[in-house]
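>>> Structural data only, the sequence is not supplied:
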């Protein structure tokens, strides 16, 4: 992506480097200048993202507004992820987005979808390598990685890597293993919190990075490791709304709580259809170990409530008007006593 963004000529001296003339390692050393942005420069990510969004703004009149909005709002560096209602809408969005990017000098490709019809409509050279050689009429769609998460496109679920890990039980390896589990939505945060608690205990004991774990902690750590392979059995549906459910009312419910061991929050989407049937789905959760410095439980509960408020602020401007926002701590009866509120989501 960086190499598709040119550097202004007056700035190219900042990207000078030494190399051998005509690539002859026995020849003279000469100076070169990069004409495009390079990997390793701190400015490259921000410049490339600015160029991509500027491309969407400049050429949005040449195609649909939805395609320009997709490029501006749903990209993280060079990866874009978007959900739409129909196959036809997905095909049009992909092609329109490609057209905008092409006008700005970007090549948008390596498409993956959870629907074979969308992939069939794309040029074979524009889909991801993992689906190029598939027979889309009978082969199952593969497991892809999107934004660091495993996405099973066949079942449209997010999966977790639960491979067993065999390493010496040291503080360094505890940190490495716990940090290796990528869970940005917090779907398995209670499990990760237990591993973080073991790491915090080791930090409190002031152990060296490669010192063996004391016997008082090793049992908890080995028990946590033994449960790691079971993560592969967890499947989280990517779509919040059940199929064929005609939702007429949405509510976001945020819950928070704290204890001496940790604090956290979870946000649920509550959907109601015309028949009064209710369906709920976990949207996002966060968990933190309690600080080493001793705090009172009310103080920790306020910290957890703050985490709920921050999660409530992570919302897209395109939410339906009928969505409502509900905050809570332990239970709804505590709303008034804890000074929290229930109000319409603007």
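On my side now, so go ahead. Here the structure is a predicted model, which means the values were calculated and not measured.

>>> how many neighbours does residue 213 have?
The local packing of residue 213 (other CB atoms under 10 Å) involves 22 other residues. (C-beta placed from N, C-alpha, C; glycine too.)

>>> what do you get for residue 243?
Number of residues near residue 243 (other CB under 10 Å) recorded here: 5.

>>> and the residue nearest to residue 146 when sequence neighbours are not counted, what is it in contact with?
Take residue 146 and drop its neighbours on the chain: the residue closest to it by CB to CB, 6 or more residues apart in numbering is residue 81, 5.7 Å away. Residues in contact with residue 81, defined by CB atoms under 8 Å, 6 or more residues apart in numbering, are 74, 146-147.

>>> can you list contacts of stretch 129-143?
With contact meaning CB under 8 Å, 6+ apart, stretch 129-143 is reached by 110, 112, 114, 116, 119-120, 124, 144, 150-154, 159.

>>> which of those tops the neighbour count?
Ranking the contacts of stretch 129-143 using other CB under 10 Å puts residue 119 first, with 24 neighbours.

>>> Quick check, pLDDT for that residue.
Predicted confidence (pLDDT) for residue 119: 92.

>>> and the contacts of stretch 129-143, which of them are in helices?
Among the contacts of stretch 129-143, DSSP state H puts 116, 119-120 in helices.

>>> Nearest to residue 57 among the residues you listed?
The shortest approach to residue 57 among the ones in helices among the contacts of stretch 129-143 belongs to residue 119, at 29.2 Å (CB to CB).

>>> Pretty sure that closest one sits against residue 94.
No. If you go by CB atoms under 8 Å, residue 119 and residue 94 don't touch, sitting 9.8 Å apart.

>>> joint contacts of those two?
residue 111.

>>> re earlier: just put the ones in helices among the contacts of stretch 129-143 in a markdown table and tack on distance to residue 215.
Listed next are these as a markdown table, based on distance: CB to CB, whole Å:
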| residue | distance to residue 215 |
| --- | --- |
| 116 | 54 |
| 119 | 54 |
| 120 | 59 |
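
>>> Tell me which residues touch the closest residue to residue 165 other than its chain neighbours, please.
Spatial nearest neighbour of residue 165, excluding adjacent residues (CB to CB, 6+ apart): residue 177 at 5.5 Å. Taking CB under 8 Å, 6+ apart, we find residue 177 in contact with 165, 167, 195, 225, 228.

>>> Go ahead and confirm residue 289 touches residue 193.
Yes. With contact defined as CB under 8 Å, residue 289 and residue 193 form a contacting pair (6.6 Å).

>>> what's residue 79 sitting at in phi/psi?
Listed backbone geometry of residue 79 is phi -110, psi 130, with angles given as degrees, to the nearest 10.

>>> start the count at 13, not 1, going forward
All set: I'll call the first residue 13, so the last point we hit is now residue 91.

>>> and the closest residue to it other than its chain neighbours, how far is that from residue 178?
Ranked by CB to CB, 6+ apart and with sequence neighbours excluded, the top spatial neighbour of residue 91 is residue 159, at 6.2 Å. The gap separating residue 159 from residue 178 is 28 Å, by CB to CB, to the nearest Å.

>>> So which of these two has more stuff around it?
It is residue 159, of residue 159 and residue 178, that has more neighbours when counted by other CB under 10 Å, with 12 against 6.

>>> my read: the more buried one touches residue 194, true?
No. Using CB under 8 Å, residue 159 makes no contact with residue 194, being 9.1 Å away.

>>> Can you give me the pLDDT of residue 353?
Residue 353 is assigned 31 on the pLDDT scale.

>>> scratch that, residue 263
Note on residue 263: pLDDT of 91.

>>> Quick check: it vs residue 172, distance?
28 Å.

>>> next one: residue 318
According to CB to CB, residue 318 stands 28 Å off from residue 172.

>>> Look at those two and report which has more neighbours.
Taking other CB under 10 Å, residue 318 and residue 172 do not tie; residue 172 has more neighbours (20 against 13).

>>> For the more buried one, which non-adjacent residue is closest in space?
The spatially closest residue to residue 172, leaving aside those adjacent along the chain, is residue 243, at 4.2 Å (CB to CB, 6+ apart).

>>> Provide the count of other residues in contact range of that neighbour.
Per other CB under 10 Å, the neighbour tally for residue 243 reads 17.

>>> who's in contact with it?
Residue 243 neighbours (CB under 8 Å, 6+ apart): 172-174, 193, 200, 203.

>>> Distance check, the residue nearest to residue 290 when sequence neighbours are not counted against residue 263.
Closest residue to residue 290 apart from its sequence neighbours, by CB to CB, 6+ apart: residue 284 at 5.3 Å. Look at residue 284 and residue 263: by CB to CB, they are 8 Å apart.
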